[in-house]
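Student: pasting a predicted model and its sequence here:
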Amino acid sequence: MVTKLVIVDYGAGNLRSVAKALERIGYPASVTGDPQEVVEAQGVILPGVGSSGAAMRALEERGLVEPLRRVAVQGVPLFGVCLGMQLLLDTSEEDPRPCLGIVPGSVVRLPSSVKVPHMGWNQVNLLRKHPVFYNVPSGSYFYFVHSFYAEPEDISVVAGATDYGTTFCSVLAKDNLVATQFHPEKSGPVGLRLYENFVRLMVLRGVRQSWR
């Protein structure tokens, strides 16, 4: 059984680097902006760079907002990367346009006491267990490029935290949802391991579905 993984193309993402990372772990994905392909996928990666307002406008214009909400509700494994993580929340200080509203909470700007954007390597301290962290040590370094960060209402979904002027949520994980403020595809072997673990979650879910 082949489990279909898609990378959502809405014109605002680091698509090729994510696709190449998945190829390196032996699991190529389909890069698509087709809403139907997203709905039919068994795993979805939502990357992103740029502003939340422009990204949401692009998702709306391509008819991708409801498909993304639908796969999240249906339990399809969904991985948000950088801006893709922020878009999962309700609102952002960056723009008044509402985000996807999949995870209750808001996106806020990093404090003015530090250089913004936060760019470069930083540690992620794991706060709770989740299968996506298999063989990923707490305190591992990942690559960040961002000016805003997610503040979920439910702190139990904050699975990893990073210090930069403040302690912020750098990993969000709950059930089928995983999201990172950093870029796994730019973070070397430990970043690839996160993608490997996500693919395992997706494949296991597909196997369970096939036996129902």
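Tutor: Structure's in. What do you need? Values in this document were obtained by computation on a predicted structure and should not be read as measured data.
Student: N135 is in contact with R193, isn't it?
Tutor: Yes - using Cβ atoms under 8 Å, N135 makes contact with R193 at a distance of 5.9 Å. Backbone N, C-alpha and C define where each C-beta goes, glycine included.
Student: so which of those two has more stuff around it?
Tutor: A direct count of neighbours by other Cβ atoms under 10 Å for N135 and R193 places R193 higher, at 19 against 9.
Student: tell me the pLDDT at N14?
Tutor: Note on N14: pLDDT of 76.
Student: now do the same contact list for it.
Tutor: By Cβ atoms under 8 Å, 6 or more residues apart in numbering, N14 lies in contact with 47-49, 81-82, 183, 185.
Student: can you pull the phi and psi angles for it?
Tutor: The phi/psi pair for N14 (degrees, to the nearest 10) reads phi -90, psi 60.
Student: any idea how far it lies from L78?
Tutor: According to Cβ to Cβ, to the nearest Å, N14 and L78 sit 17 Å apart.
Student: what does the lengthiest helix in the chain contact?
Tutor: The residue-count maximum for a helix in the chain (DSSP state H) belongs to helix 188-210. Residues outside helix 188-210 that contact it (Cβ under 8 Å, 6+ apart) are 1, 3, 5, 21-22, 24-25, 27, 42-43, 45, 75-77, 79, 131-137, 140-143, 176, 178, 180, 182-185.
Student: go again using 7 Å as the cut-off
Tutor: With Cβ atoms under 7 Å, 6 or more residues apart in numbering as the test, helix 188-210 has contacts from 1, 3, 5, 21-22, 24-25, 27, 42-43, 77, 79, 131-132, 134-136, 140, 142, 178, 184-185.
Student: which of those residues are buried? Put it as a ChimeraX command.
Tutor: Those of those that count as buried under 16 or more other Cβ atoms under 10 Å are selected in ChimeraX with:
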select :3,5,21,22,27,42,43,77,79,132,136,140,142,178,184,185
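Student: out of the contacts of helix 188-210, list just those in helices.
Tutor: Among the contacts of helix 188-210, the members found in helices (DSSP H) are 21-22, 24.
Student: so which of those residues is the closest to F148?
Tutor: For the ones in helices among the contacts of helix 188-210, the closest approach to F148 (Cβ to Cβ) belongs to A21, at 23.4 Å.
Student: if I look at the residue lying closest to P47 once chain neighbours are set aside, how far off is A21?
Tutor: Leaving aside its sequence neighbours, P47 sits nearest to G13 (Cβ to Cβ, 6 or more residues apart in numbering; 3.7 Å). G13 is 13 Å from A21, where distance means Cβ to Cβ.
Student: residues near the closest residue to E40 other than its chain neighbours, how many?
Tutor: Sequence neighbours aside, K4 is the residue nearest to E40 in space, at 7.1 Å (criterion: Cβ to Cβ, 6+ apart). The number of residues packed near K4 is 14, by other Cβ under 10 Å.
Student: residues in contact with K4?
Tutor: Contacts of K4 by Cβ under 7 Å, 6+ apart are 30, 41-42.
Student: which ones among the residues you listed map onto strands?
Tutor: S30 (DSSP state E).
Student: out of the contacts of K4, which comes closest to C99?
Tutor: The closest of these to C99 turns out to be A41 (Cβ to Cβ; 20.6 Å).
Student: show me what contacts that closest one?
Tutor: Residues counted as contacts of A41 (Cβ under 7 Å, 6+ apart) are 4-6, 71, 76.
Student: alright, that wraps it up for me.
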